[in-house]
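# mind folding the following:
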Amino acid sequence: MWNDLREFALKHLAGLVVWIAEDPSSFFLALFVCLTPLLVISSVLSWKLHKAIVEEKKRTRRRERLDRELVKAKKKN
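Prediction:
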């Protein structure tokens, strides 16, 4: 089974290498076309994560401020 898989992979890898050697411009175009959506998805997810982190920091600061004010109010009473 592993030998069959290895032969299959080597056969297709050899075909890929031949394609790259014969026509590198179309290979890089295909590579660019395949990777562009992944990069866009990655950037959108990074942006959303950044927004979530900033919101969490704001909530944490707000909670800490309210806790400090609550402690001050309890000390006054």
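# does anything pack onto the helix or strand harbouring Ala52? Which helices or strands?
Applying DSSP states H and E as the criterion places Ala52 in helix 24-76. Using 3 or more CB pairs under 8 Å, 6 or more residues apart in numbering; DSSP states H and E as the contact test, the elements touching helix 24-76 are helix 2-22. (Glycine included, C-beta is placed from N, CA and C.)
# between helix 24-76 and the helix it packs on, find me the angle.
Going by axes from the mean of the first three to the mean of the last three CA atoms, to 10 degrees, helix 2-22 is angled at 110 degrees with respect to helix 24-76.
# tell me the average confidence for the helix holding Ala52?
Helix 24-76 carries an average pLDDT of 96.
# and Glu25, how close does it get to Leu39?
Not quite, residue 25 is Ser, not Glu. Using CB to CB, to the nearest Å, Ser25 is found at 20 Å from Leu39.
# those two - which one has more neighbours?
Between Ser25 and Leu39, counted using other CB atoms under 10 Å, Leu39 has the larger neighbour count: 10 against 7.
# that one and Leu31: what is the separation?
12 Å.
# repeat for Pro24
Remark: distance between Pro24 and Leu31 (CB to CB) = 10 Å.
# and Leu49, by the same measure?
Counting by CB to CB, the gap from Leu49 to Leu31 is 26 Å.
# mind listing what's buried along stretch 22-35?
Counting neighbours by 16 or more other CB atoms under 10 Å, one finds that stretch 22-35 has no buried residues.
# report the central residue of the protein.
Compute the mean C-alpha point of the chain, and by CA atoms, centre = their mean the closest residue is Ser42, 4.0 Å away.
# ok, now how distant is it from Leu49?
10 Å.
# now swap in Ala21 and tell me
40 Å.
# now do the same contact list for Ser42.
For Ser42, no residue meets the contact criterion (CB atoms under 8 Å, 6 or more residues apart in numbering).
# cool, and Arg59?
By CB under 8 Å, 6+ apart, Arg59 has no neighbours at all.
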